[in-house]
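[1] sharing a model prediction with you, sequence too.
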Amino acid sequence: MPGRTPYEAFSAFVTPLADALKCVTWPKVATSPGGTALLDRKHNLHLTGPQGENDGYLLLRGEDDLEFRARMFYQIIEDRREGYGPYRCTTLGYDYSVRKPDGAAVVDYHWHPIGLSHERRPHIHLGSSQLRPDAVLSNKQHMLTGRTTLESVIRNLIGLGVRPRYPDWAAQLDICEGPHILYRTWTNDYEQETGRKVADDEAAPAIP
């Protein structure tokens, strides 16, 4: 989403994400140093952590609650195209994790086009807690998905039985997702999308 300044571009990027999470929890936003204004650097965005960035949110789900963690990687860039700038945020990757309260994985949503993993396309991992010992699938397999919005993940959480905080949660998620869909310039190849490379020391950490 565009902004007149780098900070406005960051705010336009993060506000709908936080508003979407409010449908199921009360989010806390944390970034890496300089993540609200520094241009052309890889930044980390944590949308979880009441006590810190490594914490997840406990989501109410009847007698069997779930934990959710959300992390994104992004850059603030200049974009001189009409209607897209002069500044905007571009996503470099994401890591969304749904777990049981004891830490057992349910499903992980990954996209890490820059990193050490051989699979750089968007994918999910099914958690071992959801697989039988003799299952054909394993939690190491990359199930390709195409890029997945945070709003879609939240819809899936509610579909799994997580209690929404608002009766009009579906409309709220549509509103939050709308600007992102309007301004996204997604491909699965970051360098092809931007014409720029991220330095090795700025690359998103590999996610198995």
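    Received it, and whenever you're ready, just let me know what you need.
[2] what mean pLDDT does stretch 89-99 get?
    Stretch 89-99 comes out with an average pLDDT of 92.
[3] got the CA coordinates for it in PDB?
    Written as PDB, here are the backbone C-alpha positions of stretch 89-99 (Å, rounded to 0.1, in the frame of the first residue of the first chain):
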ATOM      1  CA  CYS A  89       6.100  -2.000   1.400                       C
ATOM      2  CA  THR A  90       6.800  -5.200  -0.600                       C
ATOM      3  CA  THR A  91       6.600  -8.600   1.100                       C
ATOM      4  CA  LEU A  92       9.700 -10.800   1.100                       C
ATOM      5  CA  GLY A  93       8.200 -13.800   2.800                       C
ATOM      6  CA  TYR A  94       6.100 -15.100   5.700                       C
ATOM      7  CA  ASP A  95       5.900 -17.700   8.400                       C
ATOM      8  CA  TYR A  96       2.500 -18.400   9.900                       C
ATOM      9  CA  SER A  97       2.200 -21.300  12.400                       C
ATOM     10  CA  VAL A  98      -0.800 -22.900  14.000                       C
ATOM     11  CA  ARG A  99       0.000 -25.100  17.000                       C
END
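[4] show me what residue 110 is bridged to.
    Listed by DSSP bridges, the beta-bridge partners for residue 110 are residue 95, residue 123.
[5] how close does it get to residue 166?
    As judged by C-beta to C-beta, to the nearest Å, residue 110 and residue 166 stand 28 Å apart. Where you see a C-beta, it was placed from the backbone N, CA and C, and this is true even at glycine.
[6] who's more crowded, these two?
    Shown here are residue 110 and residue 166; by other C-beta atoms under 10 Å, residue 110 has more neighbours (24 against 12).
[7] residues contacting the more buried one?
    93-96, 122-125, 142, 207 (C-beta atoms under 8 Å, 6 or more residues apart in numbering).
[8] ok, so of the residues you listed, who is nearest residue 148?
    Of all the contacts of residue 110, residue 148 sits closest to residue 122, with 6.2 Å by C-beta to C-beta.
[9] what about the residue sitting furthest away from the middle of the chain, distance to residue 128?
    Using C-alpha atoms, centre = their mean, the residue of the chain lying farthest from its centre is residue 134. It sits 31.3 Å away. For residue 134, the distance to residue 128 equals 13 Å [C-beta to C-beta].
[10] ok, now residue 161?
    20 Å.
[11] one more: residue 8?
    43 Å.
[12] before we move on, back to that, same list (the contacts of residue 110) but as TSV, adding distance to residue 80.
    As requested, the contacts of residue 110 are exported to TSV (distance: C-beta to C-beta, whole Å):
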residue	distance to residue 80
93	25
94	26
95	31
96	32
122	28
123	33
124	36
125	39
142	36
207	33
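[13] out of those, which is nearest to residue 45?
    residue 94 (9.1 Å).
[14] what distance do you get for the closest one to residue 46?
    Using C-beta to C-beta, we find residue 94 at a distance of 11 Å from residue 46.
[15] touching both of those two, which residues are there?
    Counting by C-beta under 8 Å, 6+ apart, the contacts common to residue 94 and residue 46 are 70-71.
[16] got a list of what residue 95 touches?
    69-72, 108-110, 112, 207.
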